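Enquirer: Sharing a model that was predicted from the sequence below.
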Amino acid sequence: MLKIALYVCPQTVCSSLSIAMDAFTLANRLAKQPLFELQRFSQDGQAVDLGFAQIQVDGDLRLAEAANLILLPASGSALDSTLANNARLLPWLAQRPAQQQLASLCSSAVLLAAAGVLNGRRATTHWALASQFRQRFPQVNLQIEQLICEDGHLLSSGGAQAGLDLCLHLIGQHGGDGLAQQVANALVFDTQRGQQSRFAPLLPPASNDCPLAPLLQWMHSHHAEVIDLNRLAAQANCSSRTLLRRFKTSTGLTPNDYLQRVRISAAQRALRSPASLEQIAEQVGYSDRATFAKLFKQLCGESPGAFRKRLRQPL
């Protein structure tokens, strides 16, 4: 039996906690035997008030030391608050023995990272936290495109529903792939969801305060044309070197990277039409289908054909 200790703190996202509890409880019921033993713990062993619900726990940090797996449900996007209010947890996590698995759901990867256990290791978290995470924890090999990531005894997931992907992965490890699929079927959950990059926006948020806003709007209107750095610099009335610096500062991307993302975003919209892939490639600015398909998969995590097929699946 796998003993799982689920951590609860005031920042815990209740849906994330319940996803994990439901998945493993359902696995036990479908297997008709207790494969997973679940316990909840907090820093001090006291019940945790989540604002709209009070979560009872079975003990404090000492209780979790006997578990095979310590699971940290998502803790929201307010990273400073999460780290400040869980200060006692971090050195405790750092002292966990190598044979004890540690798993984070979504944003709680920051707790493992802050404890230092992810240094030099692969991990993932929600795509919207990628920039903050990299700035705070450059020692972590962040693979933000992944829905789940496993590196030795360390597991992590990105995004709310990816928490269920991770739980199903663990159910498969300890109860067999057949049981994991049974749980997924009972929860009406698609296990073939590709990469997290499918769900991340291709372009940074638009802002009217951005000094390059007129140029960015022009790129959106002319993306299908032949555009090089010199043409963009002339449009912005500055040198190429100055434009490169301003563009990176304003968008986090190079002008060419931004242009490719504009084109692929336009292609995503065009794929809702019956036009052929060759026609769509030409419409958005690519001279051949192969180049278009390669860039589409690189940015979207799936081929144009797979993207279109998914759009056409009946509800």
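Expert: Right, received. Where do you want to start?
Enquirer: Could you check how far stretch 173-190 is from the centre of its chain?
Expert: On the basis of C-alpha atoms, centre = their mean, to the nearest Å, the separation between the geometric centre of stretch 173-190 and that of its chain is 21 Å.
Enquirer: buried sites along that stretch?
Expert: When burial is assessed from 16 or more other C-beta atoms under 10 Å, stretch 173-190 yields the following buried residues: 174-175, 179-180, 182-184. Any C-beta I mention is one placed from the backbone N, CA and C, and that applies to glycine too.
Enquirer: Likewise for stretch 285-292?
Expert: Applying a neighbour-count criterion of 16+ other C-beta under 10 Å, the buried positions in stretch 285-292 are 285-286, 289, 292.
Enquirer: Walking through the stretch 151-300 of the chain, point out its helices one by one.
Expert: Secondary structure of the stretch 151-300 of the chain, counting by DSSP state H, counting those that start in this stretch: helices at 162-175, 177-186, 213-222, 229-236, 240-251, 255-270, 277-284, 289-300.
Enquirer: out of these, deepest packed?
Expert: helix 162-175 (a mean of 23; mean count of other C-beta atoms under 10 Å).
Enquirer: what sits up against it?
Expert: Identification of contacts with helix 162-175 by C-beta atoms under 8 Å, 6 or more residues apart in numbering yields 2, 16, 19-20, 23-24, 27, 31, 35-36, 69, 73-74, 103, 105-106, 147-148, 150, 155-157, 179-180, 183-184, 187, 189, 191, 193, 196.
Enquirer: Now the buried members of those residues.
Expert: By neighbour count, with 16+ other C-beta under 10 Å, those hold 2, 16, 19-20, 23-24, 27, 31, 35-36, 69, 73-74, 103, 105-106, 147-148, 150, 155-157, 179-180, 183-184, 193, 196 as buried.
Enquirer: Enumerate every residue touching R231.
Expert: Contact criterion C-beta under 8 Å, 6+ apart gives no residues in contact with R231.
Enquirer: Please determine how far it is located from R241.
Expert: Here R231 is placed at a distance of 15 Å from R241 (C-beta to C-beta, to the nearest Å).
Enquirer: just M219 next, same as before
Expert: In this structure, M219 and R241 are separated by 19 Å, where distance is defined by C-beta to C-beta.
Enquirer: ok, now Q182?
Expert: Relative to R241, and taking C-beta to C-beta, Q182 is found at 59 Å.
Enquirer: again with G178
Expert: Remark: distance between G178 and R241 (C-beta to C-beta) = 59 Å.
Enquirer: JSON lines for the helices of the stretch 151-300 of the chain, including distance to Q143?
Expert: As requested, the helices of the stretch 151-300 of the chain are arranged in JSON lines below (distance: least, C-beta to C-beta, whole Å):
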{"stretch": "helix 162-175", "distance to Q143": "12"}
{"stretch": "helix 177-186", "distance to Q143": "22"}
{"stretch": "helix 213-222", "distance to Q143": "29"}
{"stretch": "helix 229-236", "distance to Q143": "30"}
{"stretch": "helix 240-251", "distance to Q143": "23"}
{"stretch": "helix 255-270", "distance to Q143": "19"}
{"stretch": "helix 277-284", "distance to Q143": "28"}
{"stretch": "helix 289-300", "distance to Q143": "15"}
